[in-house]
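Engineer: Sequence first, predicted model second:
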Amino acid sequence: MKIATLNIDWTRKKGALKTVEFLNQLDFDFLILTEAINLNLKNFKYKYFCSQIPENIVYENLNYTDYLKGKKAFRSILYSKIPCSKKHSVTDDKTNLALEFETELGNIIFYCTIIGTWFNRKPFVDNELQNTIQDCKRLYSINKNIFVIGDFNTSFKKGEEHFSINSNTTESLKNLFEELNLMNATEEIDENIDHIVVPKTFGNNIEEAKVFVDKDILSDHKGIYISINN
């Protein structure tokens, strides 16, 4: 099973058509896009959206309708080859998405998130961090097979602290992962701030954790994926 994530920065760099053309060349089972618009990707039968950012108003510092020239903004979209079996509630449904799937690895909750929609600007960064912590703890009490995926704006690799929002965010997330018995499968990817965090029980099943598109090709983020066997 292959799981991938990429912040596409609203397709502003290459445009929607070029972004779709690139992503259609790839074969993943699940793809989580952040800072996204609705893209029709041929390899996925199903797609699930967080709540749309309101149109034609200033929402958290920005009129997204003007910024995206009329395109509808979704902070998280999950593309899947299989249907979702259950949708779970989240604290901020315009940023986060929690979906449960019956997979070959068992029932898994995918929690899709952005922490730092405005990077280190307060109160947004603190709210988004606390929302993620609160949501993940609650979801973990429902199903311990929780995958936390998305744009953390944080590198966890030693010596790359300058790629992170701040030390509080980094340490808070490390503590969360430890408390919930999770491991960051993409921690060792160089200069990477988007991550796929999985239960430690899947550690021996991870075959690879790699970059599928480098920074500044589709957006200012790297696209990363993991491959897990059963």
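Structural biologist: Right, received. Where do you want to start?
Engineer: To which secondary structure element is the residue most central in space within the chain assigned?
Structural biologist: Closest to where the C-alpha atoms of the chain average out (C-alpha atoms, centre = their mean) is Gly150, at 1.7 Å. If you go by DSSP states H and E, Gly150 is part of strand 146-151.
Engineer: helices and strands around that strand, which ones?
Structural biologist: In terms of contacts (3 or more C-beta pairs under 8 Å, 6 or more residues apart in numbering; DSSP states H and E), strand 146-151 is packed against strand 2-7, strand 30-36, strand 106-114, helix 124-142, strand 194-199. For glycine as for every other residue, the C-beta is placed from the backbone atoms N, C-alpha and C.
Engineer: ends of stretch 88-98, how far apart?
Structural biologist: Stretch 88-98 stretches 5 Å from its first residue to its last (C-alpha to C-alpha, to the nearest Å).
Engineer: pLDDT on that stretch, on average?
Structural biologist: For stretch 88-98, mean pLDDT rounds to 98.
Engineer: Need the contact partners of that stretch.
Structural biologist: For stretch 88-98, contacts defined as C-beta atoms under 8 Å, 6 or more residues apart in numbering pick out 48-53, 75-78, 87, 99-100, 109-114, 117, 127-128, 131-132, 134-135, 139, 142.
Engineer: Produce a PyMOL select command limited to the buried residues of the residues you listed.
Structural biologist: Buried members of these, defined by 16 or more other C-beta atoms under 10 Å, are picked up in PyMOL with:
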select buried, resi 48+50+53+75+76+77+78+99+100+109+110+111+112+113+114+117+127+128+131+132+135+139
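Engineer: all strands for the protein, in order.
Structural biologist: Applying DSSP state E to the chain gives strands spanning 2-7, 30-36, 46-49, 58-59, 62-63, 74-80, 86-88, 97-103, 106-114, 146-151, 182-184, 194-199, 206-213, 223-228.
Engineer: what's the burial count for the residue lying closest to Leu31 once chain neighbours are set aside?
Structural biologist: Distances taken as C-beta to C-beta, 6 or more residues apart in numbering place Tyr79 nearest to Leu31, at 4.3 Å, with adjacent residues excluded. Residues near Tyr79, counting by other C-beta atoms under 10 Å, number 21.
Engineer: Spell out which residues sit in contact with Asp27, please.
Structural biologist: Contact partners of Asp27, counting by C-beta under 8 Å, 6+ apart, are Lys2, Asn43.
Engineer: pLDDT value on Leu6, please?
Structural biologist: pLDDT, read off for Leu6, is 98.
Engineer: Find the nearest non-adjacent residue to it, please.
Structural biologist: Leu6 sits nearest to Gly223 (C-beta to C-beta, 6+ apart), 3.6 Å away.
Engineer: which residues sit in contact with Ile8?
Structural biologist: Ile8 touches Thr19, Leu33, Thr34, Glu35, Ala36, Ile37, Leu218, Ser219, His221, counting by C-beta under 8 Å, 6+ apart.
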